[in-house]
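>>> Sequence plus predicted model, see below.
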Amino acid sequence: MSFDVQKIRQDFPILQRKVNGYPLVYFDNAATSQKPQVVIDSIVDYYSNYNANIHRGVHSLSQEATDVYELAREKIKQHFNAKHNHEIIFTSGTTHSINIVASGYSEILQKGDEVIVSAMEHHSNIVPWQMLCEKTGAVLKVIPMNEEGNLLVSDYDTILSSATKLVFVNHVSNALGTINPIKEIIEKAHQYGAKVLIDGAQACSHILPDFQDLDVDFYVASAHKMCGPTGVGFLYGKSELLNILPPYQGGGEMIKEVTFKKTTYAELPHKFEAGTPNISGGIAFGVALDYLSAIGIDAINSYENELLNYATEKLLEIEGLKIYGTGKEKTAVISFNIEGIHPYDIGTIVDKLGVAVRTGHHCAQPIMEFYKIPGTVRASFAFYNTKKEIDIFIEAIKKAKMMLS
Ligand SMILES: *Cc1c(COP(=O)(O)O)cnc(C)c1O
């Protein structure tokens, strides 16, 4: 079956709108994806037809809501091939998920332990670990990267040791699009008994990780970058690791028994799910995964690659334009600058023409420091974008260049 992008575009109501008098060209998918009608409908359906708190009531509505919410957990488990449903913890997103693990390990790590992070992380996957190191006296080490935006795995080999306890790497860099060799990174860490957390926020709408095949210890992502709503995501962790991790927040739902002397905690996944969760968000997340699966992640990936190659070729025809992140294994993200022009000015002008791109450091200041630049313009494509939109974008960039140089 051929990839029918025009048909797919009809699923996304927002793609019909105009911005500043021009049809919207949405190339900021790495910041958040747009939502298909089925996902939007599922939220309306929940609030219209079976809104109730979950895991608590004996009444029918509560049971209905609980069943649908738990079905969403099952969908996530199946989509990513986790072993057990209780290994999927609903969170508010990637940042929340990382903080659960970092905060838990702050009670486990000791002075002199080492943790490893990569040079191309989102601030969400740097700052919680720095806080962890400050609390415990553990030492943070960094896997460096090269000019193309690839991690230097040979340097990783030399940093790893028996002192290494944890490794954190993103599956895909949000600023560069680089797909990191996470299977190799995980295998090497395991040789030293270290545990690995993969930040998959930028990966899961383009590639399909298999948690059991990767043998990954923790994997985190946000629904909103996979056509789902904001405010929901998950933490995957192997049962035996989640079981030894202390809870993150105290409250309702996460307890087995509470007395003023002592409280015992609930079993997984509830131990990490204190309070009323984002019920409609979790349900809509499940619907988003169904939607992506029906199109097929492989089909999405190969279509997006076409867009990536087409746009890269066209952009490189513009004089003075430099692309950051030129590794072979990339998702459809292009970070670039034009000599002598501030990225912010380009972003502002193309927005006047209806083109949405991101400008700035993309929450990855260490990468910008590496290239000695203040930021980049970042165009990131999704499977609902078209070559025609890329043509409009290229014309807009050329116009901006003319006006600014
Ligand atoms: C978006 C992103 C995050 C943060 O995700 P939130 O949904 O804002 O919590 C972390 N890491 C990467 C690589 C991202 O792209």
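Nice, thanks for sending it over.
>>> Relative to the ligand, how far out is residue 167?
To the ligand, residue 167 is 15 Å away according to CB to the nearest ligand atom, to the nearest Å. Where you see a C-beta, it was placed from the backbone N, CA and C, and this is true even at glycine.
>>> ugh, wrong one, I meant residue 369
Using CB to the nearest ligand atom, one obtains 17 Å as the distance from residue 369 to the ligand.
>>> Mind exporting the C-alpha coordinates of whichever strand or helix holds that residue to PDB?
Taking DSSP states H and E as the criterion, residue 369 maps to helix 365-371. This file holds the C-alpha atoms of helix 365-371, laid out as PDB (Å, rounded to 0.1, in the frame of the first residue of the first chain):
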ATOM      1  CA  GLN A 365      22.800  24.100  25.500                       C
ATOM      2  CA  PRO A 366      25.900  21.800  25.700                       C
ATOM      3  CA  ILE A 367      25.400  21.000  22.000                       C
ATOM      4  CA  MET A 368      25.300  24.700  21.100                       C
ATOM      5  CA  GLU A 369      28.400  25.200  23.200                       C
ATOM      6  CA  PHE A 370      30.100  22.400  21.300                       C
ATOM      7  CA  TYR A 371      29.500  24.000  18.000                       C
END
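>>> what's near enough to touch residue 377?
By CB atoms under 8 Å, 6 or more residues apart in numbering, the residues touching residue 377 are 335-337, 343, 346-347, 357-359.
>>> still on that earlier bit, show me what secondary structure element comes after the helix holding residue 369.
Following helix 365-371 in sequence, per DSSP H and E, is strand 376-380.
>>> count of residues packed around residue 318?
Neighbours of residue 318 under the rule other CB atoms under 10 Å: 14.
>>> Kindly indicate whether it is helix, strand or coil.
Assigned by DSSP: H, G, I helix; E, B strand; the rest coil, the conformation of residue 318 is coil.
>>> my read: it touches residue 401, true?
Yes. Taking contacts as CB atoms under 8 Å, residue 318 lies within contact range of residue 401: 6.7 Å.
>>> Mind picking the two most distant members of the contacts of residue 377?
337 and 358 (13.2 Å; CB to CB).
>>> Enumerate the residues of the stretch 51-200 of the chain near the ligand.
Taking CB under 6 Å from any ligand atom as the contact definition, the stretch 51-200 of the chain meets the ligand at 93-95, 122, 124-125, 170, 174, 199.
>>> Now with 8 Å, please.
The stretch 51-200 of the chain has residues 92-98, 121-125, 170-174, 199-200 near the ligand, with proximity defined as CB under 8 Å from any ligand atom.
>>> neighbours around residue 77, how many?
Other residues close to residue 77 by other CB under 10 Å number 19.
>>> Does it belong to a helix, a strand or coil?
Here residue 77 is recorded as helix under three-state DSSP.
>>> if I pick it, what's in contact with it?
84-85, 87-88.
>>> can you rerun that using 6 Å?
Listed by CB atoms under 6 Å, 6 or more residues apart in numbering, the contact partners of residue 77 are 85, 88.
>>> go on, the one 10 residues further on?
For residue 87, the contacting residues are 236, 239, taking CB under 6 Å, 6+ apart as the criterion.
>>> Of the residues of the stretch 51-200 of the chain next to the ligand, which belong to helices?
The helices, defined by DSSP state H, take in 94-98 from those.
>>> Tabulate these in CSV, adding columns for neighbour count and pLDDT.
Listed next are those as CSV, based on neighbours: other CB atoms under 10 Å; pLDDT from 0 to 100:
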residue, neighbour count, pLDDT
94, 25, 98
95, 20, 97
96, 22, 97
97, 30, 98
98, 25, 97
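>>> For burial, what's the neighbour tally of the residue nearest to residue 29 when sequence neighbours are not counted?
Spatially, and ignoring its direct neighbours in sequence, residue 29 is nearest to residue 382 (4.1 Å; CB to CB, 6 or more residues apart in numbering). Neighbours of residue 382 under the rule other CB under 10 Å: 23.
>>> so where is the stretch 1-150 of the chain shaky, pLDDT-wise?
By pLDDT under 70, the weakly predicted segments of the stretch 1-150 of the chain are 1-2.
>>> for the contacts of residue 377, which one is nearest residue 290?
residue 358 (28.1 Å).
>>> Now flag whichever of the contacts of residue 377 is closest to the ligand.
Nearest to the ligand among the contacts of residue 377 is residue 358, at 10.9 Å by CB to the nearest ligand atom.
>>> Could you give me the buried positions within stretch 261-275?
Across stretch 261-275, burial judged by 16 or more other CB atoms under 10 Å covers 265-266, 268-274.
>>> Please apply the same query to stretch 315-322.
Buried residues in stretch 315-322, defined by neighbour count with 16+ other CB under 10 Å: 315, 321-322.
>>> ditto for stretch 151-160
For stretch 151-160, by 16+ other CB under 10 Å, it's 151, 155-156, 159-160.
>>> ok, now stretch 26-37?
The neighbour-count check on stretch 26-37 (16+ other CB under 10 Å) flags 26-36 as buried.
>>> Mind putting those residues into CSV with distance to residue 224 and secondary structure?
Formatted as CSV, those follow (distance: CB to CB, whole Å; DSSP: H, G, I helix; E, B strand; the rest coil):
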residue, distance to residue 224, secondary structure
26, 14, strand
27, 17, coil
28, 12, strand
29, 11, coil
30, 11, coil
31, 9, coil
32, 5, coil
33, 7, coil
34, 10, coil
35, 8, coil
36, 13, coil
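>>> Can you tell me which of these is nearest the ligand?
Closest approach to the ligand among these (CB to the nearest ligand atom): residue 30, at 6.3 Å.
>>> Can you tell me how far the nearest residue to the closest one once chain neighbours are set aside is from the ligand?
Once flanking residues are discounted, residue 30 sits nearest to residue 380: 3.5 Å by CB to CB, 6+ apart. Going from residue 380 to the ligand by CB to the nearest ligand atom gives 10 Å.
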